[in-house]
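J.: Generate a structure from the sequence data that follows.
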Amino acid sequence: MTGIVLAANLPAAVSTEAAFSHDIVQMIIHAGPMVKFVLLILLFFSVVSWAIIFSKYRLLSKAKTETEDFLELFWEERDLKMIYRISRDLTFSPVARLFSSGYDEFNKIRKIRTSKKSGDALTNDSARSKQIIMDNLERSLRKTTIDQTGRLERGISFLATTGNTSPFIGLFGTVWGIMESFRGIGLKGSASLAVVAPGISEALIATAAGLAAAIPAVVAFNYFNRKIFALRAEMDIFASDFLSTVERQFFKRALVGKES
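T.: This is a model prediction of the structure:
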């Protein structure tokens with residue numbers, strides 16, 4: 001008699017286990033339309049976030065390597081023209097781009113001031129003219145710093161958005177799925193675990209997906225922020241050093257020319 005009962009219940013048990021397996025793929029397949037829509041949104045956030053993570057990691061790694069190479073060259077080499085030629089090839093380094101911008105601006109100012117004179121016109125510059133040149137250089141360096149910082153930070157805000165919103169989007173899918181489960185309970189008139197558990201487990205997938213999208217985005221956002229902050233500090237320090245180098249290498253030379 002017991003064997004007959006087990007045999008009778010076996011197809012139903014197997015059917016239930018197959019339909020509501022603990023396998024994640026099966027739970028996603030059997031989830032409701034709204035939960036699937038939420039999962040699709042979270043998949044988009046996750047794919048774009050990982051694309052940004054890989055590309056930004058590559059960019060910042062090359063920026064750090066090239067910046068170290070450039071700074072070593074800048075402090076060892078005294079010929080600014082040679083440094084300028086080499087810096088044009090270091091396209092990932094924000095500091096190298098900062099130097100190129102400052103050097104271009106200085107050459108532009110010097111050509112304008114020497115257009116009607118022969119030789120080094122800086123020997124006849126007054127203190128006011130010197131200050132104007134330094135102010136123009138400083139503005140050019142500040143603008144380039146802002147541009148390079150924006151280039152490094154491009155895409156980072158999406159990681160912050162993913163980290164902040166994905167858990168709530170997943171929670172929305174979970175709440176919606178639980179609402180559907182309780183609605184099913186009301187329609188079937190049964191509150192047994194077999195009726196409630198499958199719907200709730202499917203709904204909780206949305207929360208898990210939201211966390212899976214948010215956690216890497218938050219970790220990457222904080223990591224990249226530290227790297228960008230370090231590069232920004234390098235740019236600020238180099239801008240001051242470059243202005244000092246220009247003043248020492250050109251204006252002091254001009255002062256010696258005056259005294260002689």
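J.: For stretch 52-60, buried residues please.
T.: With burial defined by 16 or more other Cβ atoms under 10 Å, the residues of stretch 52-60 counted as buried are 52-53, 56, 59-60. Where C-beta positions appear, they are placed from N, C-alpha and C, glycine not excepted.
J.: go on, stretch 42-52?
T.: Buried positions in stretch 42-52, judged by neighbour count with 16+ other Cβ under 10 Å: 42, 45-46, 48-49, 52.
J.: Alpha carbons only: can I get it in PDB?
T.: Output in PDB follows, covering the C-alpha atoms of stretch 42-52 (Å, rounded to 0.1, in the frame of the first residue of the first chain):
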ATOM      1  CA  LEU A  42      20.800  44.500 -14.200                       C
ATOM      2  CA  LEU A  43      22.500  42.500 -16.900                       C
ATOM      3  CA  PHE A  44      23.000  45.700 -18.900                       C
ATOM      4  CA  PHE A  45      24.400  47.600 -15.900                       C
ATOM      5  CA  SER A  46      26.800  44.700 -15.200                       C
ATOM      6  CA  VAL A  47      28.000  44.300 -18.700                       C
ATOM      7  CA  VAL A  48      28.700  48.000 -19.200                       C
ATOM      8  CA  SER A  49      30.300  48.200 -15.800                       C
ATOM      9  CA  TRP A  50      32.700  45.400 -16.500                       C
ATOM     10  CA  ALA A  51      33.500  46.900 -19.900                       C
ATOM     11  CA  ILE A  52      34.400  50.200 -18.100                       C
END
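J.: got the contact list for residue 100?
T.: By Cβ atoms under 8 Å, 6 or more residues apart in numbering, the contact set of residue 100 is 84, 87-88.
J.: if we can go back for a sec, and of the buried residues of stretch 42-52, the nearest to residue 202?
T.: residue 42 (14.4 Å; Cβ to Cβ).
J.: any idea how far residue 216 is from that closest one?
T.: 12 Å (Cβ to Cβ, to the nearest Å).
J.: ranges for the helices of this protein?
T.: For the chain, applying DSSP state H gives helices covering 2-19, 24-29, 33-76, 80-87, 94-113, 127-153, 156-188, 193-246, 252-259.
J.: quick revisit: which of the contacts of residue 100 tops the neighbour count?
T.: residue 87 (23 neighbours; other Cβ atoms under 10 Å).
J.: ok, and the closest non-adjacent residue to that one?
T.: The spatial neighbour of residue 87 that comes closest, neighbours along the chain excluded (Cβ to Cβ, 6 or more residues apart in numbering), is residue 96 at 4.2 Å.
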